[in-house]
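Asks: okay, predicted coordinates and the sequence, questions at the end:
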Amino acid sequence: MYKLIKKIVLLILPAGFLLAFYSCSSGSGGGDKEPNNTIQEACEFTLGEVFEISINPQGDHDYFVTEIKEQGYLKIQASNVPEGVDIEVAFSLYEEWEATKEKRLRSWRTIPDALFISEPGTYYFVIHDSYDDNFSSEKIEIKADFVPEFDPTEPNNSAEEAKAVNINGDIKLAIYPTGDKDWIKVDAPGQGYVQIMSKNVPEGITPEIYYATYDEWDDPKVQELRGWHELPDACFLPDSGTYYLLFHDNYDDNSSEFTMDFKLKFLPEMDKYEPNNRFMEAKEVKKGDTLEIAIFPTRDHDYFKINLNEGDKVKFLVKDHENITPEVILRIVNPTNPNRLMDISGWKELPAEFEVNTTQEFYILVHDNYDDNSSTKLFTIKIE
């Protein structure tokens, strides 16, 4: 444990708030908060009170330590920062028996910033100039607060900590501190879709969602199902089972101490040809067939395969489509790489007609023309 000597002088400032000046050292002597350039020399402080530091001389690092008694956040704010000095904060634990002594929990970030505290303990933070190339003798006011936990899903910063929620229900979560990522998991009753909607989103936050599966015996354990998308969004779930959803701010550069509301809904499969998002899953069709399909969710791609003869003409007619503009393209297996397809036509909006100049198996890909719209409503394609 740390050993510190602390003197406190309290002044009532004109603005009416309390300012605490500390002098601390790891033995005797020491000046205004110095020496505290190492984690072993970290200064104690009182949560919620304002104290002063200076980044002086060049390369100065100032360490501080406090006890946290419950789950929540250690929040650091600053004011009166001298021009030219760009202060950052990092958070650590002290490991007395390790050679490096310092175990970094959260690396350098611009103040204001906060650390998620998952359990009671002794926590440290250090403040410096961002590039250690500027300094000033002017005083900087620092305030460190403890914010009690307000996110009912925490801790859930990893897939292993994902909180189980109902796939047909409402959840509240917060993106805090900056860079926070929140995992939840849902159980799907069968093939279908999980649909996510949001409301009461704090200003500055743009929530995005990522979908995955998790297997502790796999490498990697987390396997992507659908990449990042802004809300509202939906994801195809190929079977019954547990699926993992990850929420964050789109650029990981904003956060809020207010929770957001999310609604989850499971939609049973409405398209009998799914899954067919990859050409390896293409369903076989022929001239004369009538297909009822859905382009859902956004960026859904539906593959079909058909055998055609040289000189054939194939026409695709369409009706009853809403909110989407269906397009089609013809592809064949790449003769130099059987794991890839190659285009033998350009994209055409439906209705469309193609003339083929070879006898072989063709792959038909249907999608929305800009991959930016979708609909759960089935529409009809007739192949002639």
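Replies: Received it, and whenever you're ready, just let me know what you need. Residues are numbered from 1 along each chain as shown.
Asks: who does the residue most central in space within the chain bridge with?
Replies: Centroid-nearest residue in the chain, with CA atoms, centre = their mean: residue 248, separated by 3.1 Å. Beta-bridge pairing for residue 248 (DSSP bridges): residue 208.
Asks: let me see the contact set for it.
Replies: Listed by CB atoms under 8 Å, 6 or more residues apart in numbering, the contact set of residue 248 reads 175, 179-182, 207-208, 210. No exception for glycine: its C-beta is placed from N, CA and C like everyone else's.
Asks: tell me which two in the residues you listed are the farthest apart.
Replies: Maximum pairwise distance among the contacts of residue 248 (CB to CB): 14.7 Å, between 179 and 210.
Asks: element containing the residue lying closest to residue 379 once chain neighbours are set aside?
Replies: Closest residue in space to residue 379, ignoring its immediate chain neighbours: residue 321 at 3.8 Å, by CB to CB, 6 or more residues apart in numbering. When elements are assigned from DSSP states H and E, residue 321 belongs to no helix and no strand.
Asks: count of residues packed around the residue nearest to residue 383 when sequence neighbours are not counted?
Replies: Nearest non-adjacent residue to residue 383, counting by CB to CB, 6+ apart: residue 289, 5.0 Å away. Look at residue 289: counted by other CB atoms under 10 Å, it has 13 neighbours.
Asks: quick check: the gap between the residue located most distally from the centre of the chain and residue 48.
Replies: Residue farthest from the centre of the chain, counting by CA atoms, centre = their mean, is residue 311 at 50.8 Å. Shown here: residue 311 relative to residue 48, a distance of 83 Å by CB to CB, to the nearest Å.
Asks: show me how the chain divides into domains.
Replies: 5-148, 159-268, 279-383 (automatic domain parsing).
Asks: what's the straight distance from one end of the last one to the other?
Replies: Looking back up the chat, that one is domain 279-383. This stretch, domain 279-383, spans 19 Å end to end (CA to CA, to the nearest Å).
Asks: for residue 193, give me its contacts.
Replies: By CB under 8 Å, 6+ apart, the contact set of residue 193 is 234-237, 266-267, 269, 296-297.
Asks: leaving out sequence neighbours, find the closest residue to it.
Replies: Excluding its sequence neighbours, the residue lying closest to residue 193 (CB to CB, 6+ apart) is residue 267, at 4.4 Å.
Asks: neighbours of the residue nearest to residue 384 when sequence neighbours are not counted, how many?
Replies: Nearest residue to residue 384, sequence neighbours excluded (CB to CB, 6+ apart): residue 315, at 4.5 Å. Neighbours of residue 315 under the rule other CB under 10 Å: 13.
Asks: kindly report the same for residue 293.
Replies: 22.
Asks: check contacts around it.
Replies: Contacts of residue 293 (CB under 8 Å, 6+ apart): 271, 273, 302, 366, 378-379, 381.
Asks: who's it bridged to?
Replies: Beta-bridge pairing for residue 293 (DSSP bridges): residue 379.
Asks: local confidence estimate at it?
Replies: At residue 293 the predicted local confidence, pLDDT, stands at 98.
Asks: what's the answer for residue 34, then?
Replies: 74.
Asks: again with residue 3
Replies: 39.
Asks: I appreciate the help and will end here.
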